[in-house]
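Undergrad: when you get a sec, could you give me coordinates for this:
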Amino acid sequence: MSKARTSTPRERYRAQVRAEIKEYAWEQIATAGASALSLNAIAKRMGMSGPALYRYFDGRDELITELIRDAYRSQADTFRTAAGAGAGLAGLAHALRAWALDDPQRYFLIHGTPVPGYHAPDDITEIAAETMAVIVDACAALPPSDGAGGAFDAHLDTHRQWAGDRAADSAVLHRALSFWSRLHGVLSLELAGQFTGMGFDPALLFEAELKDLLGP
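TA: Numbering: from 1, shown residues only. From the prediction side, this is the model:
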């Protein structure tokens with residue numbers, strides 16, 4: 001029995017053109033930033049008219065949404081793959097840094113300055129939450145940290161919707177947020193070139209922050 005066809009030639013052509021449009025969009029973002037993204041400029045590069053390109057994307061916001069969705073999906077898949085291979089929190093940290101260094105523009109699109117006037121749809125938040133769920137699970141697998149919870153831990157007892165259905169206590173959630181915020185802080189500064197000329201290795205700073213987060 002032959003395999004059922006999953007798409008028509010026209011659908012495959014449309015997917016190919018949309019993928020090409022996204023490639024040119026990433027080039028534009030690398031040159032001038034996401035806020036300067038122009039479908040008309042992309043159409044010109046592709047030898048198309050502006051109205052012709054709008055048959056593939058309704059407008060700038062739909063194109064940005066596709067790029068952001070792809071970036072978050074790539075990040076979530078990277079974390080899931082690492083976790084599936086048995087990586088703990090340290091392994092996830094290394095996977096995050098490798099993913100960020102591999103494509104800084106992709107990283108900054110979802111972790112940098114928001115695009116003015118753009119509002120992401122709800123499904124973007126859902127994809128981003130997949131990454132955080134992996135981090136929470138990794139933190140829950142670590143030995144409990146010493147010391148009583150502070151004011152922020154108490155706050156997390158009633159402000160934990162971002163963690164989804166993870167049955168983790170507030171100390172675990174605090175650790176997950178610390179992991180996320182501190183390592184992203186180092187990565188953002190490194191990728192933005194803020195450490196250039198300071199004379200130290202950003203990779204070692206990243207490792208030092210990770211070691212502090214993991215504890216003794």
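
Undergrad: hey, let's count contacts and neighbours off CA atoms from now on
TA: OK.

Undergrad: where's Tyr118 relative to Ile68, distance?
TA: 11 Å (CA to CA, to the nearest Å).

Undergrad: ok, Ala52 next?
TA: Distance from Ala52 to Ile68, by CA to CA: 23 Å.

Undergrad: which one of these two has more residues nearby?
TA: Using other CA atoms under 10 Å as the criterion, Ala52 and Ile68 rank with Ile68 on top: 18 against 11.

Undergrad: the more buried one contacts Leu109, correct?
TA: Yes - contact criterion CA atoms under 8 Å: Ile68 and Leu109 qualify, at 6.7 Å.

Undergrad: tell me the pLDDT at the residue nearest the centre of the chain?
TA: Centroid-nearest residue in the chain, with CA atoms, centre = their mean: Tyr72, separated by 4.2 Å. Reading off the confidence values, Tyr72 has pLDDT 95.

Undergrad: in the protein, where is pLDDT below threshold?
TA: 1-6, 146-148, 216 (pLDDT under 70).

Undergrad: swap in 90 and give it another go.
TA: Within the chain, the segments meeting pLDDT under 90 span 1-7, 9-10, 31-36, 50, 113-123, 125, 142-150, 160-167, 214-216.

Undergrad: what segments of it are helices?
TA: 9-32, 39-45, 50-53, 60-84, 89-102, 104-111, 122-140, 151-156, 170-191, 202-214 (DSSP state H).

Undergrad: and these as a markdown table, adding distance to Trp162?
TA: A markdown table is the format used below for those (distance: least, CA to CA, whole Å):
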| stretch | distance to Trp162 |
| --- | --- |
| helix 9-32 | 29 |
| helix 39-45 | 34 |
| helix 50-53 | 37 |
| helix 60-84 | 15 |
| helix 89-102 | 19 |
| helix 104-111 | 17 |
| helix 122-140 | 7 |
| helix 151-156 | 10 |
| helix 170-191 | 10 |
| helix 202-214 | 21 |
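
Undergrad: and those helices: which comes nearest Gly164?
TA: Taking CA to CA, helix 122-140 is the member of these nearest to Gly164, at 7.5 Å.

Undergrad: now the closest one: buried residues?
TA: 124, 127-140 (16 or more other CA atoms under 10 Å).

Undergrad: which one of the helices of the chain lies nearest to Ala163?
TA: helix 122-140 (6.5 Å).

Undergrad: report the inter-axis angle for the closest one versus helix 170-191.
TA: 110 degrees (axes from the mean of the first three to the mean of the last three CA atoms, to 10 degrees).
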